[in-house]
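1. Build me a structure from this.
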Amino acid sequence: MRRAATPIAWGSRSSGTTDEYDHEVRFGGFGAAAFSIGLAAALTACGGSGSQPSTAGQERGGGAPDVAALPARTVSPDAIAEAVTRVTSSRAPSSRGRAAIELRQMQALYAPATLRWLDAAGKPTPEARDALTVLETAGGHGLAIEDYQTTALQGDAVSLATLEPSDEALASFDVGLSLHLLRFWRDVHMGRVNPRDLGFRLNAPLDDHDFPTMLVEAIAAHRVRETSDELTPPLALYRGLRDALARYRTLVEPSGLLPVPTKGASIKPGAAAAGLEVLRAKLVALGDLPADAPQPAGEVYEGALVEGVRRFQTRHGLDPDGALGRATLEALNVPFTRRVAQLELALERLRWLPHLEENGFLAVNIPMFHLWGWEAAPVRGTPAFELDVIVGRSLNTQTPVLVDEMSHLIFRPYWNVPPSILRGEILPAIARDPTYLAHNDMEIVSGQSDEATLVEISDESLDGLRQGRYRVRQRSGPKNSLGLVKFVFPNDDNIYMHGTPAPQLFGRARRDFSHGCVRVSDPVMLAEWVLRDRPEWTRERILSAMQSGRSQRVNLTRPLQVILFYLTAVVMPEDGSVRFAGDIYDHDASLERALARP
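-> Alright, predicted model coming up:
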């Protein structure tokens, strides 16, 4: 489940991704195109050797890099060493506890006392311009542009191109550009926050990239932009979220108040309401209502407005009934800036994902109560299937964020009651009703296997339950809490997927009802897909196994990656719509606090 070691963990990027560097997008500094033109003009004016643009077959041609073509400016080793110390301490206000690591990286990178980004005349090389242009894209990834000092570095580059700088200025620029490009590479590839620090159980090993060596190789091969592309998550969802982020940043809140129901009642289609013009303007801005939709006729809530609200409700995980109730109005009143923040947090979390397995994987987005099955890493295209799910209760039995591998499934499983549920629910229920176990097809057993010895219920056996000598399990069958099939991916939290004897709960929009495990709406379909490499397991055989009188384990031919993750903003693969979910576990708030720490 780990990312590939080197050179790039994410694998091949799809073609055409470098086009983003040609966009003139401004995020508080120079526009990328404007800066490139300005620096090129400065270099031309002063006769710098970096005045010629890079072209395929020349500086960026294939084959071994012509290092001698652009000799670096010689600067005293003391000036470089002082710059390393000075820059890593004064220009790393947002290193988030990585200052010591960054200092060691810079010391290793500049141990040869050689500048990386300046030619023999002390002017920024084409690779330096490429690096600065890459840093311009940080905002488009949802990263904090101030973390990379892009504006200051661009100003320094222009000064170097037009003035006769000191060794100190040359070394400071060179080290600063290296420091912030490496920081950008690490952040865009692995994220700014370690998910383990937030309690997430991502068991993939930490990435072991040698980013300084990658930088040296990228400069020598004239591949700074390409390396930056390859370090970006190649997921279709990541690209979709970036597009959505760019669009939501342009949205302007309409002035005025949205409709307000009287006495707490919802505004239903056909009812009179004020503020419909504001509602229409917001729905148009969000794309839920066509711009040419008719204006509201008076103060009657009807027609196109109702359909627009239904689309909005679907995108925000609400019942699409068209009524303007409390939950819908709360979602409509969320500022666009908050939606931007959700998109930025989603991008950060996608950077935490390990390498996705080529033979497919299952992904559950916990706050959206949805599962997708992918045949391969979703660089593009749509999933093989999708299902609704039920996840853990937000109050005290949250479903953990984790990545593990499914090894087998069990038809007609026992439900082995966890000790926490035994103490908190089962034993109190038995105290109230001594027939509770019999009425719920439960039994007391001694031992951990399916062949465990049955124990008669008595004061002694109940005492054994309290002391942990015995346990309770629910017999397989239609009453079993796991339904008729259990999907096992061994993990420390004893979390798994399973069916349910209460499918009616899938009719609700918000579905955090379980003790932490993931209930699936169509376990037969999931079993078919999981066993797709075993053609003897047809749908008919699966149904037969679910209805037989015995428990049966079926091993997968190879492990299947399972990802339980947490995004409150996604771009749906089937239609490209942007959907938002409530922060049911307050994980967004926790991540924002972590990102705010220096």
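2. C-alpha only now, for contacts and for neighbours.
-> OK.
3. Poorly predicted segments of this structure, please.
-> Using pLDDT under 70 as the threshold, the predicted model of the chain has low-confidence ranges 1-71, 91-97, 203-208, 264, 378-379.
4. domains of it?
-> Using automatic domain parsing, the domain ranges for the chain come out as 17-232, 262-334, 353-413+478-566, 416-475.
5. Can you add distance to residue 594 and give these back as TSV?
-> Listed next are the domains of the chain as TSV, based on distance: least, CA to CA, whole Å:
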stretch	distance to residue 594
domain 17-232	7
domain 262-334	22
domain 353-413+478-566	16
domain 416-475	30
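6. In JSON lines, list those domains along with distance to residue 577 and mean neighbour count.
-> Listed next are these as JSON lines, based on distance: least, CA to CA, whole Å; neighbours: other CA atoms under 10 Å:
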{"stretch": "domain 17-232", "distance to residue 577": "19", "mean neighbour count": "18"}
{"stretch": "domain 262-334", "distance to residue 577": "7", "mean neighbour count": "17"}
{"stretch": "domain 353-413+478-566", "distance to residue 577": "13", "mean neighbour count": "19"}
{"stretch": "domain 416-475", "distance to residue 577": "39", "mean neighbour count": "15"}
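7. Which one of those lies nearest to residue 588?
-> Among the domains of the chain, the nearest to residue 588 by CA to CA is domain 353-413+478-566 (9.0 Å).
8. what about that closest one, start to end distance?
-> The stretch domain 353-413+478-566 measures 11 Å between its terminal residues, going by CA to CA, to the nearest Å.
9. you'd agree residue 301 is up against residue 272?
-> Yes - under the criterion of CA atoms under 8 Å, residue 301 is in contact with residue 272, at a separation of 6.0 Å.
10. who wins for proximity to residue 597 among the domains of the chain?
-> Judged by CA to CA, the one of the domains of the chain that comes nearest to residue 597 is domain 17-232, at 6.7 Å.
11. Helix or strand for residue 364, just tell me which one.
-> Take DSSP states H and E as the rule and residue 364 turns out to sit in strand 361-365.
12. So what touches that strand?
-> Residues external to strand 361-365 that are found in contact with it (CA atoms under 8 Å, 6 or more residues apart in numbering): 370-377, 560-567.
13. let's see it at 6 Å
-> In this structure, residues lying in contact with strand 361-365 by CA atoms under 6 Å, 6 or more residues apart in numbering are 370-374, 560-566.
14. and the next element down the chain from that strand?
-> Once the chain leaves strand 361-365, the next helix or strand it forms, by DSSP H and E, is strand 370-374.
15. Now do the following helix or strand past that following strand against strand 370-374, angle only.
-> If you walk from strand 370-374 toward the C-terminus, the next helix or strand you reach (DSSP H and E) is strand 385-392. Following axes from the mean of the first three to the mean of the last three CA atoms, to 10 degrees, one obtains 140 degrees for the angle between strand 385-392 and strand 370-374.
16. Quick check: residue 288 touching residue 308?
-> Yes - at 5.1 Å, residue 288 and residue 308 qualify as touching, with contact defined as CA atoms under 6 Å.
17. Tell me if I am right that residue 258 is in a helix.
-> No - secondary structure assignment (DSSP: H, G, I helix; E, B strand; the rest coil) places residue 258 in coil, not in a helix.
18. Who does residue 565 form a beta bridge with?
-> With DSSP bridges as the criterion, the beta-bridge partners of residue 565 are residue 365.
19. Excluding chain neighbours, what is closest to residue 335?
-> Distance criterion CA to CA, 6 or more residues apart in numbering; nearest residue to residue 335, sequence neighbours excluded, is residue 253 at 7.5 Å.
20. Secondary structure element holding that neighbour?
-> Taking DSSP H and E as the criterion, no element holds residue 253; it sits outside all helices and strands.
21. how many other residues sit next to it?
-> As a burial measure, the neighbour count of residue 253 was computed by other CA atoms under 10 Å and equals 14.
22. And it, how far from residue 337?
-> Taken as CA to CA, the span from residue 253 to residue 337 is 9 Å.
23. which non-adjacent residue is nearest the residue most central in space within the chain?
-> Averaging the C-alpha coordinates of the chain gives a centre point, and the residue nearest to it by CA atoms, centre = their mean is residue 350 (2.5 Å). In this structure, residue 350 finds its nearest non-sequential neighbour in residue 238, 7.0 Å apart by CA to CA, 6+ apart.
24. Please report the distance of the one you found from residue 244.
-> Following CA to CA, the distance that separates residue 238 from residue 244 is 10 Å.
25. Just the element for residue 84, please.
-> With DSSP H and E as the criterion, the answer for residue 84 is helix 77-90.
26. swap that for residue 563, please
-> strand 552-565.
27. Can you show me the CA trace of that strand as PDB?
-> Output in PDB follows, covering the C-alpha atoms of strand 552-565 (Å, rounded to 0.1, in the frame of the first residue of the first chain):
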ATOM      1  CA  GLN A 552     -18.700 -19.900   4.900                       C
ATOM      2  CA  ARG A 553     -15.400 -18.000   4.400                       C
ATOM      3  CA  VAL A 554     -14.200 -17.100   0.900                       C
ATOM      4  CA  ASN A 555     -10.700 -15.800   0.400                       C
ATOM      5  CA  LEU A 556      -9.900 -13.200  -2.200                       C
ATOM      6  CA  THR A 557      -7.400 -14.200  -4.900                       C
ATOM      7  CA  ARG A 558      -5.400 -11.100  -4.000                       C
ATOM      8  CA  PRO A 559      -5.700  -8.300  -1.400                       C
ATOM      9  CA  LEU A 560      -8.100  -5.500  -2.200                       C
ATOM     10  CA  GLN A 561      -7.200  -2.000  -1.000                       C
ATOM     11  CA  VAL A 562      -9.900  -0.400   1.200                       C
ATOM     12  CA  ILE A 563      -9.800   3.400   1.900                       C
ATOM     13  CA  LEU A 564     -12.100   4.900   4.500                       C
ATOM     14  CA  PHE A 565     -11.600   8.600   4.000                       C
END
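28. quick one: the helices in the stretch 451-598 of the chain?
-> Listed from the start of the chain, the stretch 451-598 of the chain has helices (DSSP state H, counting those that start in this stretch) covering 459-467, 523-530, 539-547, 587-596.
29. Ok, which of those helices comes nearest residue 555?
-> Proximity to residue 555 (CA to CA) singles out helix 523-530 among these, at 10.1 Å.
30. now what about the closest one, what contacts it?
-> Helix 523-530 has contacts (CA under 6 Å, 6+ apart) with residue 499.
31. can you dump the C-alpha coordinates of it into CSV?
-> Once non-C-alpha atoms are left out, helix 523-530 reads as follows in CSV (Å, rounded to 0.1, in the frame of the first residue of the first chain):
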residue,chain,number,x,y,z
PRO,A,523,-24.1,-6.4,-0.2
VAL,A,524,-24.8,-8.8,-3.1
MET,A,525,-23.4,-6.4,-5.7
LEU,A,526,-20.4,-5.7,-3.5
ALA,A,527,-19.7,-9.4,-3.1
GLU,A,528,-20.0,-9.9,-6.9
TRP,A,529,-17.4,-7.2,-7.5
VAL,A,530,-15.0,-8.3,-4.7
